[in-house]
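Chemist: With the sequence up front, the predicted model follows.
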Amino acid sequence: MKVQPKVIIHGGAGSSLHGKGGLESVRRSLHTTVEAVYSLLLSGVTASEAVLQGCRMLEDDPRFNAGTGSVLQSDGQIRMSASLMDGTLGRFSGIINVSRVKNPIELVFFLQNSPDRVLSDYGAAELARELQVPTYNALTDLRLKEWMQERQDNFKSTMAGVVAEPELAEASNGGRGTIGVVILDSYGGLSVGTSTGGKGFERIGRVSDSAMPAGNYASKYAAVSCTGIGEDIIDECLAAKVVVRVGDGMSLQDSMQRSFCEASKNRRDLGAIALDATGAISWGKTSEVLLAAYHDGHRIGDTLEWNNGELVGCC
């Protein structure tokens, strides 16, 4: 029996949003992706196929820190990480610190049917060559200027801006850039994908939570994509924690509430979006801003001006 599909996506989290014009620009980007992905779900595509398309669209948007628009690491290079988990199959795949590809999520999608499902930099590069993926320069002018400014300041910031847009300039150390897509398809299947360019200015070889179950996890009960400071997400094992609690019988709302209360007590800086098998949608943050949008089966909504002091929201 078919169910009502649901979608929630995010474009990162941060400490502030400046400028209504920039906010509306990001809202249009998120809503456009939600609308396109929801239309695909109505046509009958599976959750993982919808995750692939949603992540691809967000990776192609230079506003967000994934694919085109990825931040630069301390040596001035772009290295991207991504993962996908199919909750129906219970199958996780990921790539870590890949360079010169347009859409890391496409490599991850291919690895879903591989006996070796998580590849790091060299292995990911070899896979791209085997698949004849064209080389691609993900660098944008804004990200280059951002890195050059930080180099002049001797890399005092611990991470880059979450959104590459002047109207949304972040306060110092305010950006936590990732994109994520969580899907419940019309067959009742759950899937989640997360992709990132990293923190920006980080040590070479640093691994993001986006390529780990800590930041991207799904089962037949729930699916979660995280954003924020990767080390904080890893320390909380946030995505897997929420999903396991739902599988143990806790509601999605209660699972998110408990997990974010714990994260807040531990002074973590993070956010997450989630869906469960009943179609419940939830999101949470300890940061000030979560850039997320969703389709609840009736309308498109977002969290861009959600700043009411609560840890968790839902619909």
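Modeler: Happy to help now that I have it.

Chemist: tell me, which helix in the protein spans the most residues?
Modeler: helix 20-42 (DSSP state H).

Chemist: For that one, buried residues please.
Modeler: Under the neighbour-count criterion of 16 or more other CB atoms under 10 Å, helix 20-42 has 22-23, 25-27, 29-31, 33-34, 37-38, 40-41 buried. In this view, the C-beta of every residue, glycine as well, is placed from N, C-alpha and C.

Chemist: Tell me which other helices or strands that helix touches.
Modeler: The contact analysis (3 or more CB pairs under 8 Å, 6 or more residues apart in numbering; DSSP states H and E) places helix 20-42 against strand 6-14, helix 47-59, strand 179-184, strand 289-295, strand 300-302.

Chemist: between those, which one is nearest to Val246?
Modeler: Val246 lies closest, by CB to CB, to one member of the helices and strands packed on helix 20-42: strand 179-184, at 12.8 Å.

Chemist: Skip ahead from that closest one and say which helix or strand is next.
Modeler: Where DSSP states H and E defines the elements, the next helix or strand beyond strand 179-184 is strand 190-196.

Chemist: wait, Phe92 sits on Ser114?
Modeler: No: applying CB atoms under 8 Å as the test, Phe92 and Ser114 come out as separate, 11.7 Å apart.

Chemist: Looking at the two, which is more packed in?
Modeler: In this view Phe92 and Ser114 are compared by other CB atoms under 10 Å, and Phe92 has more residues nearby, 21 against 11.

Chemist: Can you tell me how far Asp209 is from Leu111?
Modeler: Distance of Asp209 to Leu111, computed by CB to CB, to the nearest Å: 18 Å.

Chemist: So these two - more neighbours on which side?
Modeler: The neighbour comparison of Asp209 against Leu111 (other CB under 10 Å) goes to Asp209, with 29 against 22.

Chemist: Now do the same contact list for that one.
Modeler: Asp209 sits next to 215-216, 226, 230-231, 233-234 when contact means CB atoms under 8 Å, 6 or more residues apart in numbering.

Chemist: Highest neighbour count among the residues you listed?
Modeler: Cys226 (34 neighbours).

Chemist: Relative to Thr135, how far out is that one?
Modeler: As for Cys226, its distance to Thr135 is 30 Å (criterion: CB to CB).

Chemist: again, but for Leu42
Modeler: Relative to Thr135, Leu42 is positioned 35 Å away (criterion: CB to CB).

Chemist: low pLDDT regions in this structure?
Modeler: Along the chain, the model assigns pLDDT under 70 to residues 1, 15-21, 154-176, 308-309.

Chemist: Show me the strands in this protein, by range?
Modeler: Remark: strands assigned in the chain by DSSP state E are 6-14, 80-86, 91-98, 118-119, 175-176, 179-184, 190-196, 216-218, 222-228, 270-276, 281-285, 289-295, 300-302, 312-314.

Chemist: want to throw those into a markdown table with distance to Ala128?
Modeler: Compiled in a markdown table, the strands of the chain are given as follows (distance: least, CB to CB, whole Å):
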| stretch | distance to Ala128 |
| --- | --- |
| strand 6-14 | 25 |
| strand 80-86 | 11 |
| strand 91-98 | 7 |
| strand 118-119 | 10 |
| strand 175-176 | 27 |
| strand 179-184 | 20 |
| strand 190-196 | 15 |
| strand 216-218 | 20 |
| strand 222-228 | 23 |
| strand 270-276 | 28 |
| strand 281-285 | 33 |
| strand 289-295 | 28 |
| strand 300-302 | 33 |
| strand 312-314 | 38 |
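
Chemist: what's the closest of these to Ala263?
Modeler: strand 270-276 (6.1 Å).

Chemist: Who are the packing partners of that closest one?
Modeler: Contact here means 3+ CB pairs under 8 Å, 6+ apart; on that basis strand 270-276 packs against strand 6-14, strand 179-184, strand 222-228, helix 230-236, helix 238-247, helix 252-265, strand 281-285, strand 289-295.
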